[in-house]
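Novice: fold the following, please.
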Amino acid sequence: MAINGPDREEDAAAATAAGEDEDTGAQIAPIVTLSEVAVTTGEEEEDVLLDLKAKLYRFDKEGNQWKERGTGNVKLLKHIETGKVRLVMRQAKTLKICANHLVLQSIKIQEHAGNDKSCVWHAADFADGELKEEMFCIRFGSVENCKKFIEMVEGITESDGKHVEKESKDASDAAGLLGKLSVDESKTDDAAVPPPDASVKAED
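Specialist: Residues are numbered from 1 along each chain as shown. Model (predicted):
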C-alpha cells in the first residue's frame, strides 16, 4: 500500500497549478456582437434650470389617498428655442417618467400643510402618454431644497404670465390696426365712385 508523503502532495499540487496557468492559445469568439446604440432622452434641446433629488406622490381621487409615483431627480428644463419650461421627473433605477408637464401661469404651487419639506400643485400631466389633470405632492430631503423648488416654479409662472399678457396686448394692437386699415380702405373706395349728381350734370 502506497503512502503519500508531504513531498508527493506538494509535487501534485504544483503540477495542478502549472496545468491551470498554462496558456493553450485557444480563442473563443463571442456568440453575439453588440453595437453601440445612441440613446436620446428628449432633453437634448433643453437647458437644466434645476435638478434636485425628491420623492413624488400623486393624489388618487378614487381611493382618496396619496400614492407614491417614484423617487428620483426632478428637473426644470427650458427649451433653447421656444423658451418654454417643463417639469420632468424620472424614477432613479428604471428611469421611467413619473411626471412630465409644462410649467404654466395656471400652476399654483404651495407648501404642504404640516410638512415644510413638501409642496403640492395641480397640472395637466403627460407622464402616462395622455394628458390628464393630476394633483402632485413632492417631498425633498431638506427645507432649503423645497423652498428653492417653489421659488423657481413661482418665478417661471410669473414670467409666463407676463409673456401671455404681452402676446394678448400685441394681438389686440394688431386687431386694432387691421380694423383701422379696413375703415381707411372703405373710405378710399367710396371716394373713387363719383356722386350721382356729377354724372347728370355731365350729360346736360
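Novice: which helices and strands does the helix or strand Glu134 falls within pack with?
Specialist: Secondary structure assigned from DSSP states H and E places Glu134 in strand 132-140. Contacts defined by 3 or more Cβ pairs under 8 Å, 6 or more residues apart in numbering; DSSP states H and E place strand 132-140 against strand 46-60, strand 65-79, strand 115-125, helix 143-192. No exception for glycine: its C-beta is placed from N, CA and C like everyone else's.
Novice: where does this protein dip in pLDDT?
Specialist: Residue ranges of the chain with pLDDT under 70: 1-26, 37-39, 161, 163-204.
Novice: which residue, other than its chain neighbours, is closest to Arg139?
Specialist: Ser118 (4.3 Å; Cβ to Cβ, 6 or more residues apart in numbering).
Novice: residues touching the one you found, list them.
Specialist: Glu111, His112, Cys137, Ile138, Arg139, Phe140, Cys146 (Cβ atoms under 8 Å, 6 or more residues apart in numbering).
Novice: the third one pairs with what?
Specialist: Beta-bridge pairing of Cys137 under DSSP bridges involves Tyr57, Val120.
Novice: measure Val74 to Val32 for me?
Specialist: 37 Å (Cβ to Cβ, to the nearest Å).
Novice: tell me which of those two has more neighbours.
Specialist: Applying other Cβ atoms under 10 Å to Val74 and Val32 shows that Val74 carries more neighbours, namely 22 against 4.
Novice: who does that one bridge with?
Specialist: Going by DSSP bridges, Val74 forms beta bridges with Leu52, Met89.
Novice: that one: what's it in contact with?
Specialist: By Cβ under 8 Å, 6+ apart, the contact set of Val74 is Leu50, Asp51, Leu52, Lys53, Ala54, Leu56, Leu87, Val88, Met89, Ala99, Ile138, Phe149.
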